[in-house]
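Novice: Below are the sequence and a predicted model; questions follow.
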Amino acid sequence: MSKSDHESLHAMDEEAKRKKRMKWMIGIIAFVIFQVVQALFFVLVIMKFKSPKFRVGAVEIQTLDVGTQASPSFNMGFIAPIRVKNTNWGPFKYDATTVDFTYGGVQVGQATIPKSKANFKSTKKINVNMTLSSNALPSTSNLGSELSSGIITLKSQGALKGKVTIMFMFKKTKISQMNCTMEIKVATKAVQSLLCK
């Protein structure tokens, strides 16, 4: 084999080794980038703790008895659909709490929410039988004028405290607030509008 052939083989061998090293470098860089993206996704999406949503849905009124404008009053019975929507990548275990139903800032009924858990990426549904009464309202309330307009405005308020657990070990306390306003049409005994903040 001539010297030039030997040098040519040596150059080809070096080129093959260089290409092999290049493939390894590209593979290592791609692996590192994949690991960084995976870690960022884990930190920014999976490990992000969010407060679950605590809401009352549109109620189905079963009974509604109202007084007159001169002698205003109401007695109401319905099923309150309470919802705890957990958008976290881990369960939300919450303590027992209450939801106050008020008219003009005065409590007219209260729902008890038992201690429970909303699984990850799911909504816990609690249906509570409610009876509301205007007996505690002062005589100065706007109930008479509202009854003449055919609308009763109620609010539901409450706070739900619990812990979100991610990966079975990372825990964070979260408090969810309920602040909903509903307008009930007396003539149809139905919820006309429902707004939750």
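Specialist: Arrived safely, thanks for sending.
Novice: Show the model's pLDDT score for the most centrally placed residue in the chain.
Specialist: Nearest to the mean C-alpha position of the chain, by Cα atoms, centre = their mean, lies K53 at 2.6 Å. Confidence at K53, expressed as pLDDT, is 95.
Novice: And F31, by the same measure?
Specialist: pLDDT, read off for F31, is 89.
Novice: quick one: which helix or strand includes it?
Specialist: helix 3-41 (DSSP states H and E).
Novice: Quick check: which helices or strands does that helix pack against?
Specialist: Contact partners of helix 3-41 among helices and strands, from 3 or more Cβ pairs under 8 Å, 6 or more residues apart in numbering; DSSP states H and E: none. All C-beta spots, glycine's among them, are computed from the backbone N, C-alpha and C.
Novice: Following the chain past that helix, name the next helix or strand.
Specialist: Using DSSP H and E, the first helix or strand after helix 3-41 is strand 53-56.
Novice: mean confidence for the next helix-or-strand element following that following strand?
Specialist: Next in sequence after strand 53-56, counting helices and strands by DSSP H and E, comes strand 60-66. The average pLDDT within strand 60-66 is 93.
Novice: Quick one: mean pLDDT over the helix or strand that strand 60-66 is followed by.
Specialist: As assigned by DSSP H and E, the chain's next helix or strand after strand 60-66 is strand 74-86. Taken as a whole, strand 74-86 carries a mean pLDDT of 95.
Novice: partners of whatever helix or strand comes next after strand 74-86 in the sheet?
Specialist: Following strand 74-86 in sequence order, the next helix or strand is strand 92-94 (DSSP H and E). Partners of strand 92-94 in the sheet, by DSSP bridges, are strand 116-118 (antiparallel), strand 151-166 (antiparallel).
Novice: in the shortest one, what counts as buried?
Specialist: Of all the residues in strand 116-118, those buried under the rule 16 or more other Cβ atoms under 10 Å are A118.
Novice: same check, this time on the longest one
Specialist: Going by neighbour count (16+ other Cβ under 10 Å), the buried part of strand 151-166 is 152-158, 160, 162-166.
Novice: same question, stretch 51-65
Specialist: Quick answer for stretch 51-65 (16+ other Cβ under 10 Å): 51-57, 59, 61, 64.
Novice: quick one: the residue nearest to the centre of the chain and R83 touch, right?
Specialist: Yes - using Cβ atoms under 8 Å, K53 is in contact with R83, at 7.4 Å.
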